[in-house]
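Sharing a model prediction with you, sequence too.
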Amino acid sequence: MKGLNTALGAAGLAAFLALGEVVPRVGIVKEAYFPPTSRIASAFWDELQDGAFWSALGDTLTGWALGLAIAVGAGIVVGVLLSVVPHLREATASTIEFLRPIPSVALIPLAVLLYGTELRSVLLLVVYASFWQILIQVLYGVQDVDPVAEETARSYGLGTWARVRHVLWPSALPYVMTGVRLAAAVALILTITAELVIGAPGLGATIAVAQTSQAVPEMYALIVVTGLLGLLINVGARTVERRALAWHQSVRGEVAV
Amino acid sequence: MRRLLVGLAAGSMLVAASACGSSGNGASDNTGSSTGTTTVKVGVIPIVDVAPLYLGQKEGFFSKHGLKLSMTLAQGGAAIVPGVVSGQFQFGFSNMTSLMLAESNNVPVKAIANGVASTGVSGKDFGALVVKKGSTLKSAKELEGKKVAVNTLKNINETAVRESVRKAGGDPDKVKFVELAFDQMPAALDKGQIDAAMAVEPALTTMLNQGAQQIAWPLVDVAPNLTVAMYFTSTAYATKNPAVVKKFQEATAESLAYADAHPDEVRQIVATYTKVPASVLAKVILPKWPADPNRSSIETLEKLSVTDGLFKTAPDLDKLLP
């Protein structure tokens, strides 16, 4: 089954690439603005030989990883805190619902004013966007704690910390992992966007330079890189999720009695 | 795993805290290091116009004056002006209209060195009004009722195009201006989404390669040898660091003169910080880099901008210009 899925996935990608080759060649779109796959591939190959490309990739990955780590850390701590302190959740619920839909890119002028085109500008946007993904999942996860288990822990005299550690956290972990997976993708999008718009060093800024330079195949090659990066990050996040939840029924695939 | 996650969470909080805590106040005062060289951050745009700075750095004009430039490529003026005002960059590159707009809005900026100028030659300028290959439009006058793309509405290029239309005997108010980034103009013109575009290099060469026709040279129409852009700093930085500003002015003047005299080296250096394809770069029309801004051309640009209603209050050029 797994082999079939991989084969289908590869076939789909191959068909897509073939379409990308044919469409500009037969003139449905102009080659000048949408180069065929082979031209993009050769530009991609040239990029791989370029030291500047690798340092841009490094900058992007740094922004992504750091931003995600901060968002995950802060999201978990704040989420658990809001859940275990009575009234705090109610007091913050409306504020969270107010802040959450604000698009991170709307904060770009603020980021530029505070930190210019540095990494910190990128982090501001990345953390803001991915923090909510984690926080909301943590809040949902905590709500999902089995009241019987919670009561049992209480009657056995477990303290707050022990209950967070042994009851709340294992129940919430599947939700947290979903949050991390979503946040990982969002963080990548925001890293690239911040670099693209603000000009902070990274793949996004390189795409912007290629755009203003009229270097169309190079621009698409870099866009392909960001796509591949997204793919890798998703695969990575799923692997981490499976490992962390190896004990959970959703991964074990058998119904717990 | 759980321990690891908890540790990770705690660690990232620490990172967040220290990242916010340390050196939160920009880099406006990092002058005078042990070597006697001052590193200044300059916000620039990845285009041909700023080549003299890169060339001057390479030729040692800046190090001779005890300056080291740290060039930051911003995506556009939108990130440069706030960056300079907030002290993230010590210097920035911006077009004259944006600087005058800033001054008229009491944004504390001070133009200090010449940036780039139009060649002043019709038919051979780095910016031109172009129409699609085979278009029936032959002059700027015929743009009445037509869709013309400029990179930013209510800015230098719109003012310039309006002047071209006016000079050709047309009514600029009848032209429909749309905002489009330079790099998107070739495709938009080709597909007929716009009737004409005010393009600058390297988009201009790309379009000409595809058969587009030039019908007017708006920057030339505004004034002979129009000063298009300048380097600027914040008034706060200029007041606090007059010595650094003076060094920057002197080194920039040398760099501009050098760039003007060595077009081949300009093309070579542009390839290091942009990705302009070699085939395009060889054909690109280079701007002019006089050492001093042309005050009378800036006054003309100001007058036209006032006519077009760009300013609520006219900028004070005595305060803005060096």
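Ah, there it is. Computed from a predicted model, the values in this text were never measured in an experiment.

so how many other residues sit close to residue 64?
Picking chain A for this. 24 (other C-beta atoms under 10 Å in any protein chain shown). Glycine gets a C-beta too; all of them are placed from N, C-alpha and C.

actually chain B
When neighbours are counted by other C-beta under 10 Å, residue B:64 comes out with 13.

got it, and the one 3 residues further on?
Using other C-beta under 10 Å, the number of residues around residue B:67 comes to 23.

what's it in contact with, if anything?
Neighbour list for residue B:67: B:37-40, B:244, B:247-248, B:251 [criterion: C-beta atoms under 8 Å, 6 or more residues apart in numbering or on different chains].

if we take the residues you listed, which one ends up nearest to residue A:79?
Distance to residue A:79 across the contacts of residue B:67 (C-beta to C-beta) is lowest for residue B:39, with 42.2 Å.

any idea which element that closest one lies in?
strand B:38-44 (DSSP states H and E).

What is the helix or strand that that strand is followed by packed up against?
Proceeding N to C from strand B:38-44, the next assigned helix or strand is helix B:51-59, under DSSP H and E. With contacts taken as 3 or more C-beta pairs under 8 Å, 6 or more residues apart in numbering or on different chains; DSSP states H and E, helix B:51-59 sits against strand B:67-73, helix B:242-261, helix B:263-273.

by how many degrees do helix B:51-59 and strand B:38-44 diverge?
Counting by axes from the mean of the first three to the mean of the last three C-alpha atoms, to 10 degrees, helix B:51-59 lies at 150 degrees to strand B:38-44.

Go through the helix or strand just after helix B:51-59 and flag the buried ones.
Sequence order places helix B:61-64 as the next helix or strand after helix B:51-59, per DSSP H and E. Within helix B:61-64, the residues that count as buried by 16 or more other C-beta atoms under 10 Å in any protein chain shown are B:61-62.

quick one: contacts of helix B:61-64?
With contacts defined as C-beta under 8 Å, 6+ apart, helix B:61-64 is touched by B:37, B:56-57, B:68-69, B:251, B:254-255, B:258.

near chain A, which residues of the stretch 101-250 of chain B show up?
Residues of the stretch 101-250 of chain B lying close to chain A by C-beta under 8 Å from any C-beta of the partner chain are B:181-183, B:186-187, B:190, B:202-203, B:205-206, B:210.

So which of those belong to helices?
Judged by DSSP state H, helices contain the following of these: B:186-187, B:190, B:203, B:205-206.

hmm, back to that, closest to chain A among the contacts of residue B:67?
Nearest to chain A among the contacts of residue B:67: residue B:40, at 13.1 Å, using C-beta to the nearest C-beta.

thinking the closest one is in contact with residue B:66, fair?
No. Judged on C-beta atoms under 8 Å, residue B:40 makes no contact with residue B:66 at a distance of 10.5 Å.

could you pull out the helices for chain A?
A:2-25, A:37-48, A:51-84, A:88-99, A:108-115, A:119-143, A:147-155, A:160-163, A:169-198, A:203-212, A:216-244, A:249-252.

And for the stretch 51-200 of chain B?
Using DSSP state H, counting those that start in this stretch, the helices of the stretch 51-200 of chain B run over B:51-59, B:61-64, B:77-85, B:96-104, B:156-167, B:185-190.

mind checking which of these is nearest residue B:196?
The closest of those to residue B:196 is helix B:185-190. By C-beta to C-beta, the value is 7.5 Å.

Now the residue in chain B positioned nearest to chain A: closest residue in space that isn't a chain neighbour?
Across chain B, no residue is closer to chain A than residue B:88, which sits at 2.6 Å (C-beta to the nearest C-beta). Once flanking residues are discounted, residue B:88 sits nearest to residue A:116: 2.6 Å by C-beta to C-beta, 6 or more residues apart in numbering or on different chains.

Between residue B:40 and residue B:66, which has more neighbouring residues?
Neighbour count, other C-beta under 10 Å: between residue B:40 and residue B:66, residue B:40 has more, with 23 against 15.

quick one, what contacts that one?
Residue B:40 sits next to B:67-70, B:90-91, B:244, B:248 when contact means C-beta under 8 Å, 6+ apart.

Residue in chain A with the shortest distance to chain B?
Closest point on chain A to chain B, by C-beta to the nearest C-beta, is residue A:116, at 2.6 Å.

In contact with that residue, which residues?
By C-beta under 8 Å, 6+ apart, the neighbours of residue A:116 are B:26, B:41, B:43, B:72, B:83, B:86, B:88-89.

ok, and the most crowded of these?
Greatest neighbour count in the contacts of residue A:116, by other C-beta under 10 Å, goes to residue B:89: 31 neighbours.

What is the burial count for the closest residue to residue A:133 other than its chain neighbours?
Excluding its sequence neighbours, the residue lying closest to residue A:133 (C-beta to C-beta, 6+ apart) is residue A:183, at 4.1 Å. Number of residues near residue A:183 (other C-beta under 10 Å) recorded here: 28.

can you check residue A:117 too?
27.

contacting residues around it?
A:198-201, B:43, B:72, B:74, B:79, B:83, B:88.

between those residues, which is nearest residue A:221?
Closest approach to residue A:221 among the contacts of residue A:117 (C-beta to C-beta): residue A:201, at 18.2 Å.

what pLDDT does that closest one get?
Note on residue A:201: pLDDT of 89.

one step back: show me just the buried residues among the contacts of residue B:67.
Buried members of these, scored by 16+ other C-beta under 10 Å, are B:38, B:40, B:244, B:247-248, B:251.

so for stretch A:218-226, what's the average pLDDT?
Rounded mean pLDDT across stretch A:218-226 is 93.

ok, that stretch near chain B or not?
Yes. Judged by C-beta under 8 Å from any C-beta, stretch A:218-226 comes into contact with chain B at residue A:218.

what's that stretch in contact with?
Under the criterion C-beta under 8 Å, 6+ apart, residues A:34-35, A:40-41, A:43-44, A:46-47, A:57, A:188, A:192, A:203-204, A:206-207, A:210-211, B:275 lie in contact with stretch A:218-226.

In ChimeraX, how would I select the buried members of these?
Listed next is the ChimeraX selection for buried residues among the contacts of stretch A:218-226, using 16+ other C-beta under 10 Å:
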select /A:34,35,40,41,43,44,47,57,188,192,203,204,206,207,210,211 /B:275
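
circling back: dump the contacts of residue A:117 to JSON lines, plus distance to residue B:143.
What follows is those, written out as JSON lines (distance: C-beta to C-beta, whole Å):
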{"residue": "A:198", "distance to residue B:143": "34"}
{"residue": "A:199", "distance to residue B:143": "33"}
{"residue": "A:200", "distance to residue B:143": "38"}
{"residue": "A:201", "distance to residue B:143": "40"}
{"residue": "B:43", "distance to residue B:143": "34"}
{"residue": "B:72", "distance to residue B:143": "37"}
{"residue": "B:74", "distance to residue B:143": "31"}
{"residue": "B:79", "distance to residue B:143": "31"}
{"residue": "B:83", "distance to residue B:143": "35"}
{"residue": "B:88", "distance to residue B:143": "39"}
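
Which of those scores worst on pLDDT?
Among those, residue B:79 has the lowest pLDDT, at 70.

For residue B:89, see how far away that one is.
Distance, residue B:79 to residue B:89, using C-beta to C-beta, to the nearest Å: 9 Å.

quick one: common contacting residues for the two?
What both residue B:79 and residue B:89 touch, as defined by C-beta under 8 Å, 6+ apart, is the set residue B:43.

Pull the number of nearby residues for residue B:283.
14.

Test my guess that residue B:252 contacts residue B:231.
Yes. Counting by C-beta under 8 Å, residue B:252 does reach residue B:231; the two are 6.3 Å apart.

Name the residues contacting each of those two.
Residues touching both residue B:252 and residue B:231 by C-beta under 8 Å, 6+ apart: B:113-114.
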